[in-house]
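Q: Here is a sequence with its predicted model. Questions after.
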Amino acid sequence: MTQLKDIKERIKGISGTQKITKAMKSMSLIKLQKAEARALASRPFIYAITDIVSHLDFDNIYYKGNKSRDALFVIFTSDRGLCGAFNENLIRQAEALIKERSRTGKCRLILIGTKAAVHFAKKGCEVFSTYSHLPSDPTVSLSNLVMSDCRNLYNDGKVGEVILIYNNFKSKLKYEVKIKKMLPLPKVAPAAGKGVRPVFLYEPDQKRLVGGVVEMFLDSTVFHSFLDLYASEYSARLAAMTKATDSAQEMIDDLTLELNKTRQATITRELLEIISGAEALAS
């Protein structure tokens, strides 16, 4: 009877955990649908402004760079766990890139999310700023603060490169770590095809327009990284909670089978004891 009670308690405990994972799965799906819509809706604008900026050939610091050999890495992670290897994979790739880049200059870090802040605090890296306890939805004000840090370090000549490392959202079932060099502005291949450069007409003129366009591009790039961060996080958490729920069900099924076998063995043993006792009395 003690064994039966233990199995029942284990089934009860796992069932309770399964209810939690199911609830978290449902919440992740709802949040993912919202985050996915925002991330995908922003991409046409990002693609368009990237194409414009890539064809602006202007003599300023954003294009020609500065003399610094140091680099700034902006690393995007989540505040919470329970999302599989979402943060671990990104941090591992970031560490490898930082180690390689450190051979040619110093590396400064801007850390987004508690996971990155806790991890790199133990590594003794030079952290310029940290943003944790993120809001439930990405905000323009937060992305502007991050971009302001990047812009100040770059314009002051303290870093010669600004590199974003974040999880790029692909679909509900797929995301991948993306390493994007934001500054100095890279030359992007013409979107119209090889060797074809579209013609742009600037009003009032290119010199007066380029500053505003570049600033808009930089702000939009960081905000787009936040959108991808949130969508990828919910995608990873949905997958993790789905797997946890399925694993809990498998354990419940196995324990239920074990419970039935144990109950049957107990009943058989009791019947044998009764029959043996009756035969002993009859003899």
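A: Done, it's in.
Q: C-alpha from now on. contacts and neighbour counts both.
A: OK.
Q: Next one: Leu257 from Ile98, what distance?
A: 51 Å (Cα to Cα, to the nearest Å).
Q: Which residue of these two possesses the greater neighbour count?
A: Neighbour count, other Cα atoms under 10 Å: between Leu257 and Ile98, Ile98 has more, with 18 against 12.
Q: all helices in this protein, in order from the N-terminus.
A: Under the criterion DSSP state H, the chain contains helices at 2-55, 61-64, 86-101, 114-121, 140-155, 206-282.
Q: Tell me the helices and strands packed up against the fifth one.
A: If you count contacts as 3 or more Cα pairs under 8 Å, 6 or more residues apart in numbering; DSSP states H and E, helix 140-155 packs onto strand 161-171, helix 206-282.
Q: So which of the helices of the chain is nearest Pro184?
A: helix 61-64 (5.2 Å; Cα to Cα).
Q: Now the helices of the chain in a markdown table, please, with extra columns for distance to Val199 and mean pLDDT.
A: Compiled in a markdown table, those are given as follows (distance: least, Cα to Cα, whole Å; pLDDT from 0 to 100):
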| stretch | distance to Val199 | mean pLDDT |
| --- | --- | --- |
| helix 2-55 | 9 | 89 |
| helix 61-64 | 20 | 85 |
| helix 86-101 | 37 | 93 |
| helix 114-121 | 43 | 92 |
| helix 140-155 | 29 | 94 |
| helix 206-282 | 13 | 87 |
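Q: between those, which gets nearest to Met182?
A: helix 206-282 (7.5 Å).
Q: tell me the centre residue of this protein?
A: Against the mean C-alpha coordinate of the chain, by Cα atoms, centre = their mean, the closest residue is Glu233 at 4.2 Å.
Q: wait, that one sits on Cys83?
A: Yes. If you go by Cα atoms under 8 Å, Glu233 and Cys83 touch, sitting 6.9 Å apart.
Q: need the contact list for the residue nearest to the centre of the chain.
A: Contacts for Glu233 (Cα atoms under 8 Å, 6 or more residues apart in numbering) come out as Ser78, Cys83, Phe86.
Q: likewise Cys125?
A: Cys107, Arg108, Leu109.
Q: of these, closest to Leu164?
A: Leu109 (10.2 Å).
Q: burial measure for the closest residue to Leu29 other than its chain neighbours, as a count.
A: Spatial nearest neighbour of Leu29, chain neighbours left out: Leu238 (6.2 Å); criterion: Cα to Cα, 6 or more residues apart in numbering. By other Cα under 10 Å, 28 other residues sit near Leu238.
Q: can you tell me how far Leu238 sits from Ala231?
A: 11 Å.
Q: cool, Gly84 as well?
A: Distance from Gly84 to Ala231, counting by Cα to Cα: 15 Å.
Q: So for the two, which residue has more residues nearby?
A: Higher neighbour count among Gly84 and Ala231: Ala231, with 31 against 16, using other Cα under 10 Å.
Q: dump the residue contacts of that one.
A: Neighbouring residues of Ala231 by Cα under 8 Å, 6+ apart: Leu32, Ala35, Glu36, Ala39, Phe169.
Q: One more: Tyr175?
A: Contacts of Tyr175 were listed using Cα under 8 Å, 6+ apart, and they are Asn167, Asn168, Phe169, Ser232, Ser235.
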